[in-house]
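Enquirer: Any chance you could fold what I've pasted below:
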Amino acid sequence: MTDELALEFDDAFRLMADLQQEEFLDAEALGKLQLIDAVLEEMSGRENAERWSREALATDAGWRQVRTLARDLLVSLQGDWRRPLPEIHVVR
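Expert: Below you'll find the predicted structure:
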């Protein structure tokens, strides 16, 4: 599940670079996407396998950073957004 999130982000991120070149996405937004990509890259690799569990999605600092960066990006694109991010609950 969590690895699929990163794969989907990677696919979309590559498309966003094309949108920025066509001026549909500004450099600031692209920079925020690049930060998200860097965090996900830092979390990858066999040595970080535990960070990709369903439980880690709710508790890991890296995933928290990804959510914060994503929210910041949404606010910059859509304006002030006062709704809280959904809570993530681990089903055991």
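Enquirer: Model confidence for residue 23, exactly?
Expert: On the pLDDT scale, residue 23 is placed at 66.
Enquirer: got it, and the one 3 residues further on?
Expert: Note for residue 26: predicted pLDDT of 78.
Enquirer: when you give positions from now on, start the count at 11
Expert: I'll keep to 11 as the first residue from here, and by that count the last item is residue 36.
Enquirer: separation between it and residue 67?
Expert: 29 Å (Cβ to Cβ, to the nearest Å). Bear in mind the C-beta positions are built from the backbone N, C-alpha and C, glycine included.
Enquirer: Please apply the same query to residue 73.
Expert: 5 Å.
Enquirer: Could you tell me which residues touch both of those two?
Expert: Listed as contacting both residue 73 and residue 67 by Cβ atoms under 8 Å, 6 or more residues apart in numbering are residue 12.
Enquirer: Any buried residues in whatever helix or strand residue 74 lives in, and which?
Expert: Counting by DSSP states H and E, the element that carries residue 74 is helix 71-88. For helix 71-88, the neighbour count (16 or more other Cβ atoms under 10 Å) marks 72-73, 75-76, 79-80, 83 as buried.
Enquirer: If we only consider these, which is nearest to residue 53?
Expert: Relative to residue 53, the closest of those is residue 72; by Cβ to Cβ it sits at 4.6 Å.
Enquirer: quick one: the closest residue to the closest one other than its chain neighbours from residue 87, how far?
Expert: Leaving out its chain neighbours, the residue that sits closest to residue 72 by Cβ to Cβ, 6 or more residues apart in numbering is residue 53, at 4.6 Å. Residue 53 is 24 Å from residue 87, where distance means Cβ to Cβ.
Enquirer: ditto for residue 49
Expert: Applying Cβ to Cβ to residue 49 and residue 87 gives a distance of 19 Å.
Enquirer: If you count contacts, what does whichever strand or helix holds residue 41 end up packed against?
Expert: If you go by DSSP H and E, residue 41 is part of helix 37-53. Applying 3 or more Cβ pairs under 8 Å, 6 or more residues apart in numbering; DSSP states H and E, we find helix 37-53 packed against helix 12-31, helix 71-88.
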